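**Student:** Have a look at this prediction, sequence included:
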Amino acid sequence: MLVDSFNRVIDYIRVSVTSRCNFRCIYCMPNTPFEWDPKENILSYEEMFEFLKLAIDEGVKKIRLTGGEPLLRKDLDKFVKMLYDYKPSLDLALTTNGYYLKEYAKKLKEAGLKRVNISLDSLRPEIAAKIAQKDVLEKVLEGIDEAIKVGLKVKLNTVVMKGINDDEILDLLEYAKKKGVIIRFIEFMENERAYPGIKRVESSEILKKISKKYKFTELPKDNSASKYFKMEDGYVFGIIEPHNEDFCKSCNRIRLTAEGYLIPCLFFTESYSIKEAIRKKDIKKAAEILRDVVKNKPEKNDWQEDKISDRAFWETGG
Ligand code: SAM
Ligand code: SF4
């Protein structure tokens, strides 16, 4: 079992399979040029699998594939199948912008994927295009429908930004409710790459807007990053508030980047490469690095007013 210095059990790895993306979201990578690391710098699926087997053997129960946009990496379903075959009980999930989901949802489900989180920031085509800097809405909505249709458990993620999409909170909530899927509103996390001037909407403001129309109660906190709320008719929605004092108390995750860096916390720049150990097939060394990362996981992130993370979300997988 992997336990950090603050007694948190680490049983969840988020794996960024590529830093590339076909969107240029204003809160994530608005200005990133299309020049990327050479392919040899990226871990192959086989190399990632070697490491993940080790992590699974050490007690990891949940793996989320993310990016960049994970569906840009070829043969993702084959990677899902490798993980599923190694441990069918693994909680295998994906986070995607949804653009290619119509094409891949069925294949991924058949390969063993259980859950998918899809980013949906607006239901208005022009606002979705302003946020992603590309005309995306129609394809994303088709992707959501396909994921539901093939039987994946779907959640929607919305980054709420003042003056951009905060007037759509109720519309998005009602869309998700109608589709029978959970939506989670995420507080924008300040970072150096985002467009300057984006203002986050505090979780309290989001809840206030919802409470003008609906009554709801907070559910007991589990160890996910979200707080969940139940409406009178039983519909559940969530809020992710990384700026909250309690956010890190139940953190159970570490991250692996496509280049082979293990990252103990999204906010901090510390990272430890497992690439050399894995390429030399030195599993003992890789296990040592994994334990060091867990041991050095900080107690708290540092997302606070006036402090901007220099970590890029598309490398770490958000
Ligand atoms: N491309 C995929 C997507 O957009 O879902 C997966 C990668 S993306 C980096 C993972 C998550 O991070 C998305 O839900 C995205 O909305 C969120 N994210 C990215 N930048 C963020 C920021 N500055 N603040 C809050 N959430 C952010
Ligand atoms: Fe791409 Fe996801 Fe970042 Fe948007 S949030 S730019 S879709 S990686």
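**Tutor:** Thanks, I have it. What you see is a predicted model, and the numbers here were worked out from it, not measured in a lab. Ligands and ions are numbered 1, 2, ... in the order given.
**Student:** Which residue ranges of the stretch 201-318 of the chain form helices?
**Tutor:** Per DSSP state H, counting those that start in this stretch, the stretch 201-318 of the chain carries helices over the ranges 203-211, 275-279, 283-295, 313-316.
**Student:** so which of those comes closest to ligand 2?
**Tutor:** Closest of the helices of the stretch 201-318 of the chain to ligand 2 is helix 313-316, at 4.3 Å (criterion: C-beta to the nearest ligand atom). No exception for glycine: its C-beta is placed from N, CA and C like everyone else's.
**Student:** Quick one: mean pLDDT for that closest one?
**Tutor:** Averaged across helix 313-316, the pLDDT comes to 61.
**Student:** got it, and stretch 239-247?
**Tutor:** Taken as a whole, stretch 239-247 has an average pLDDT of 79.
**Student:** Just checking it against ligand 2, any contact.
**Tutor:** No - contact of stretch 239-247 with ligand 2 (C-beta under 6 Å from any ligand atom) is absent, the minimum separation being 13.7 Å.
**Student:** Could you list the residues of the stretch 1-150 of the chain in contact with ligand 2?
**Tutor:** Of all the residues in the stretch 1-150 of the chain, those in contact range of ligand 2 (C-beta under 6 Å from any ligand atom) are 21, 23-25, 28-29, 67-69, 97, 119.
**Student:** now, which of those lie within strands?
**Tutor:** Using DSSP state E, the members of those that fall within strands are 67, 119.
**Student:** Let me have the residues of the stretch 1-150 of the chain next to ligand 2 in a markdown table, adding pLDDT as columns.
**Tutor:** Formatted as a markdown table, those follow (pLDDT from 0 to 100):
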| residue | pLDDT |
| --- | --- |
| C21 | 92 |
| F23 | 95 |
| R24 | 94 |
| C25 | 96 |
| C28 | 92 |
| M29 | 85 |
| G67 | 91 |
| G68 | 91 |
| E69 | 95 |
| N97 | 98 |
| S119 | 98 |
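**Student:** so what strands line up beside the helix or strand hosting R14?
**Tutor:** When secondary structure is defined using DSSP states H and E, the element that contains R14 is strand 12-18. Looking at strand 12-18 with DSSP bridges, its partner strands are strand 62-67 (parallel), strand 253-256 (parallel).
**Student:** buried ones in the shortest one?
**Tutor:** So the one you mean is strand 253-256. Neighbour counts using 16 or more other C-beta atoms under 10 Å place 253-256 of strand 253-256 among the buried residues.
**Student:** Quick check: which element contains E138?
**Tutor:** Under the assignment given by DSSP H and E, the secondary-structure element containing E138 is helix 137-149.
**Student:** And the contacts of that helix?
**Tutor:** Outside helix 137-149, the residues within contact range by C-beta atoms under 8 Å, 6 or more residues apart in numbering are 96-102, 105-106, 116, 118-120, 122-125, 128-129, 154, 156, 179-181.
**Student:** cool, stretch 163-171 as well?
**Tutor:** Defining contact as C-beta under 8 Å, 6+ apart, one finds that stretch 163-171 is touched by 121-124, 127, 130-131, 158, 160, 172, 185, 198-199, 201, 205-206, 209-210, 213.
**Student:** ok, 6 Å please
**Tutor:** Contacts of stretch 163-171 with the rest of the structure, by C-beta atoms under 6 Å, 6 or more residues apart in numbering, involve 121-123, 127, 160, 201, 209, 213.
**Student:** got it, and stretch 96-113?
**Tutor:** Taking C-beta under 6 Å, 6+ apart as the criterion, the residues outside stretch 96-113 that touch it are 23, 69-71, 77, 80-81, 84, 92, 94, 118-119, 136, 139-140, 142-143, 146-147, 150, 152.
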